[in-house]
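[1] Any chance you can model this:
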Amino acid sequence: MRKVEVVPPNPAWPAAFDQAAQAIAVALDDTVIAIHHIGSTAISGIYAKPIIDLLVEVQDITQVARQNAAMTDLGYQAMGEYGIPGRRYFRKDNAAGVRTHHVHAFAAGTDQVRRHLAFRDYLVAHPAAAQEYSELKRRLAQAHPTDIEQYMDGKHDFIQAIDQRAAQWSATKSAARPSTSSS
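    Coordinates of the predicted model:
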């Protein structure tokens, strides 16, 4: 049973992401297109579980498994799709057995990539919604300190609502961008 811990924002999270991203880029080699910091540690000023979430966009998702040994050498456990079709998931614990990193690899440009990035970008652009999320997580962690399932279930409706708002916001934002094509 894992303790549900939500902590104040930590200015070291971006550097921890950068360090992990550099190592993962080497481990996954030339299949990597981009590595993004996602999850609550990517949103400035909010409480979060102190776990760095990385979203890795790859050219060919089927090639990721070939790099499992390299990821294992970095301390990650390869979990396969782990409940999300088209994903390759890795997790890492520190020496004390405390989870420190999640890596979610998807083929570049998929709906999952767009969803995760829109969620993050929406909360960055809407600080009031980010604070609402922060407070919800704090309340849930206090109410369910040893039950990650209850904690996750408690966030579900909020996440679904933000996903919908983020998708609409992202589409509107994309539609408002001027065309860069030339005649």
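
[2] Just the buried positions in the longest helix seen in the chain, please.
    Of all segments of type helix in the chain, defined using DSSP state H, the longest is helix 148-176. Neighbour-count burial for helix 148-176, counted by 16 or more other Cβ atoms under 10 Å, picks out 151, 154, 162, 165-167, 169-170. Every C-beta, even on glycine, is put in place using the N, C-alpha and C of the backbone.

[3] Over to stretch 125-144?
    For stretch 125-144, a neighbour-count test (16+ other Cβ under 10 Å) marks 126, 129-130, 133-134, 136-138, 140-141, 144 as buried.

[4] Closest one of these to residue 93?
    residue 141 (18.9 Å; Cβ to Cβ).

[5] For that closest one, which non-adjacent residue is closest in space?
    With sequence-adjacent residues excluded and distances taken as Cβ to Cβ, 6 or more residues apart in numbering, residue 141 is closest to residue 6, at 4.0 Å.

[6] okay, and the helix or strand of the chain with the least pLDDT?
    Least confident helix or strand, the chain: helix 148-176 with a mean of 94, by mean pLDDT, DSSP states H and E.

[7] tell me what that helix is packed against?
    Contacts defined by 3 or more Cβ pairs under 8 Å, 6 or more residues apart in numbering; DSSP states H and E place helix 148-176 against helix 111-125, helix 127-143.

[8] Out of those, which gets nearest to residue 45?
    Judging those by Cβ to Cβ, what sits closest to residue 45 is helix 127-143, at 7.0 Å.

[9] what's the average pLDDT for the closest one?
    Averaging pLDDT along helix 127-143 gives 98.

[10] Now do the same contact list for residue 170.
    Applying Cβ atoms under 8 Å, 6 or more residues apart in numbering to residue 170 gives the contacts 114, 118, 121-122.

[11] The longest helix of the chain to helix 127-143, inter-axis angle?
    170 degrees (axes from the mean of the first three to the mean of the last three Cα atoms, to 10 degrees).

[12] Show me the shaky parts of the protein.
    Scanning the chain for pLDDT under 70 picks out 1, 177-183.

[13] Can you report how many residues neighbour residue 77?
    Residues near residue 77, counting by other Cβ atoms under 10 Å, number 12.

[14] excluding its backbone neighbours, what's nearest it?
    residue 91 (5.4 Å).

[15] measure that neighbour to residue 126 for me?
    In this view, residue 91 and residue 126 are 29 Å apart by Cβ to Cβ, to the nearest Å.

[16] burial of residue 71, as a residue count?
    22.

[17] if you skip the residues just before and after it, what's nearest to residue 125?
    Closest to residue 125 by Cβ to Cβ, 6+ apart is residue 169, at 7.5 Å.

[18] ugh, typo on my part, it should be residue 104
    residue 55 (5.1 Å).
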